[in-house]
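In: Sequence and predicted structure, then a few things I'm wondering about:
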Amino acid sequence: MIGFYTLWKREMVRYLKGSLDTIAPPIISTILFIFVFGLALGSRLGAVGEFPYIQFMLPGVMMMSVIMNSFYNPAYSVFQSRWQGNIADFLASPLSYSQMAVATILAGMCRGMIVGLIVLGAAFAFTSLPLAHPGLMALYLVLVSLAFASFGCIVGLWTKGWDGVNAVSIFLLDPLVMLGGVFYSLEMIRGVPILEVLTQINPFTYITGGFRYSLLGIADTDPFVGLGITAMLGVGLLLASIALFWRGYHLKH
């Protein structure tokens, strides 16, 4: 396990050492979302159910931060190791393919949860949150960060250039997250053509709704459906990333 721990520690140090480039930007972006949507527009939008708009949107913004940071860390790390050629050092070590994949994914999970918890702490400077189901919140954080760190690992193996990671983010993750009820409830878009349908069939809607339930105690969707979707994504993508490492997919050429 020494090699496993060392690789995990390397990944952790890599982004914690450059926290001004890795940790600070998403936190600042999230605080800007809170200022613009929560404080500036929230008073005009009024309450959503029994909660002010700023409280309603905070769980979605927090979940968005966890997803993106969990994804980016292994995606860029794995591709950078391939691009620079130092992936050969890992392949020549006694580490198994499973250990390499899991250590990289675990470090990505840690980054996602660190950013998410910092955002949660910052949110209390602007408003109060009831934290209705803290155990469920913690479970969501772990499973969501697992799912998207694993997905980032897969993208890091798949992409042939730096732009590939951004392309997946822009054309896949950003639309799914933004149309997943981060800034609006299903009731707010009832009857809106296309948008209502896209939101209802979007799995992120159920993930965001479940996480919102864990913080506020309200949701447009069944929180346990969202938990089931998140668990299936987490386990499925973890196994897929380990399988790709075992196959040596894009690792040796």
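Out: Right, received. Where do you want to start? Note that this is a predicted model, so its numbers are computed, not measured.

In: buried stuff in the one helix or strand residue 71 maps to?
Out: Assigned by DSSP states H and E, residue 71 belongs to helix 53-84. Buried positions in helix 53-84, judged by neighbour count with 16 or more other C-beta atoms under 10 Å: 53-79, 81-82. Yep, even glycine has a C-beta here, placed from its N, CA and C like the rest.

In: how much distance is there from that helix to the middle of the chain?
Out: In terms of C-alpha atoms, centre = their mean, to the nearest Å, the centre of helix 53-84 is found 4 Å from the chain centre.

In: what about the following helix or strand past that helix, average pLDDT?
Out: Next helix or strand after helix 53-84 toward the C-terminus (DSSP H and E): helix 87-92. Averaging pLDDT along helix 87-92 gives 83.

In: List the contacts of helix 87-92.
Out: Helix 87-92 is touched from outside by 7, 78, 81, 100, 251-252, with contacts defined as C-beta atoms under 8 Å, 6 or more residues apart in numbering.

In: List the buried residues for it?
Out: For helix 87-92, by 16+ other C-beta under 10 Å, it's 87, 90.

In: One more: stretch 242-253?
Out: By neighbour count with 16+ other C-beta under 10 Å, stretch 242-253 contains the buried residues 242, 244-245, 250-251.

In: how about TSV for the residues you listed, with secondary structure, pLDDT and distance to residue 215 added?
Out: Shown next, in TSV, are those (DSSP: H, G, I helix; E, B strand; the rest coil; pLDDT from 0 to 100; distance: C-beta to C-beta, whole Å):
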residue	secondary structure	pLDDT	distance to residue 215
242	helix	96	32
244	helix	95	34
245	helix	93	35
250	coil	87	39
251	coil	84	40
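
In: and the two most separated of these?
Out: Distances among the buried residues of stretch 242-253 were taken as C-beta to C-beta; the most separated pair is 242 and 250, at 14.7 Å.
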